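> what's the 3D shape of this:
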Amino acid sequence: MTTDLLLDLSQSTAGLAGALLQGDISRIEAALPAQESCIRRLEGALAALGPGPLPPTSQPTQEVTALIRQLRQDLDLTGRLARQGLAMSRRLSGLGPAAELAYRLNGEGRR
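All right, here's what the predicted structure looks like:
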């Protein structure tokens, strides 16, 4: 399970990184759920370890917890930036106020 989880996290991160490098806002938004899923699975795997040989205050446990926290913060920031970029792109492309309203109702309204 750990190998599969790390492979999935690696692949979803690579997909997100590729979309970020290309500036493809639609691909960035599409990649975010996979990244979120991997983070939730990582949190679940850590919780499933429960009380074991390493106490919650041990350095390795704290490092993994800090990594998960940083991944979540990075993912949240990426999502916000992608939504802002998409909104700006739509405004600049002249889709008009009706399309902008539809985007807000369908996109931003889901959060």
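
> for the chain, where's the lowest mean pLDDT among helices and strands?
helix 96-106 (a mean of 69; mean pLDDT, DSSP states H and E).

> ok, longest helix in the protein?
helix 59-92 (DSSP state H).

> Distance from the chain centre to it, please.
6 Å (Cα atoms, centre = their mean, to the nearest Å).

> What is that helix packed up against?
On a contact count with 3 or more Cβ pairs under 8 Å, 6 or more residues apart in numbering; DSSP states H and E, helix 59-92 meets helix 25-49, helix 96-106. The C-beta positions use only the backbone N, C-alpha and C, and glycine is treated the same way.

> If we use 10 Å, what do you get?
For helix 59-92, the packing partners by 3 or more Cβ pairs under 10 Å, 6 or more residues apart in numbering; DSSP states H and E come out as helix 2-22, helix 25-49, helix 96-106.

> any chance of the ones you listed in TSV, with mean neighbour count too?
Converted to TSV, the helices and strands packed on helix 59-92 look like this (neighbours: other Cβ atoms under 10 Å):
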stretch	mean neighbour count
helix 2-22	13
helix 25-49	16
helix 96-106	11
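
> which one of the ones you listed has the lowest average pLDDT?
Confidence, taken as mean pLDDT, is least for helix 96-106 of these (a mean of 69).

> Please name the nearest non-neighbouring residue to the residue nearest the centre of the chain.
The centre of the chain sits closest to Leu75, judged by Cα atoms, centre = their mean, with a distance of 3.4 Å. Excluding the flanking residues, the one nearest Leu75 by Cβ to Cβ, 6 or more residues apart in numbering is Gln35, at 5.3 Å.

> Isn't the one you found up against Leu20?
No. Gln35 is beyond contact range of Leu20, at 11.2 Å (criterion: Cβ atoms under 10 Å).

> what's the overlap in contacts for those two?
By Cβ atoms under 10 Å, 6 or more residues apart in numbering, Gln35 and Leu20 have these common neighbours: Ile28, Thr78.

> Quick one: closest of the helices and strands packed on helix 59-92 to Glu63.
Among those, the nearest to Glu63 by Cβ to Cβ is helix 25-49 (11.1 Å).

> residues in contact with the closest residue to Ala34 other than its chain neighbours?
Computed as Cβ to Cβ, 6+ apart, the closest residue to Ala34 that is not its neighbour in sequence is Ser12, at 4.1 Å. Contacts for Ser12 (Cβ under 10 Å, 6+ apart) come out as Ala31, Leu32, Pro33, Ala34, Gln35, Glu36, Ser37, Cys38, Ile39, Leu75.
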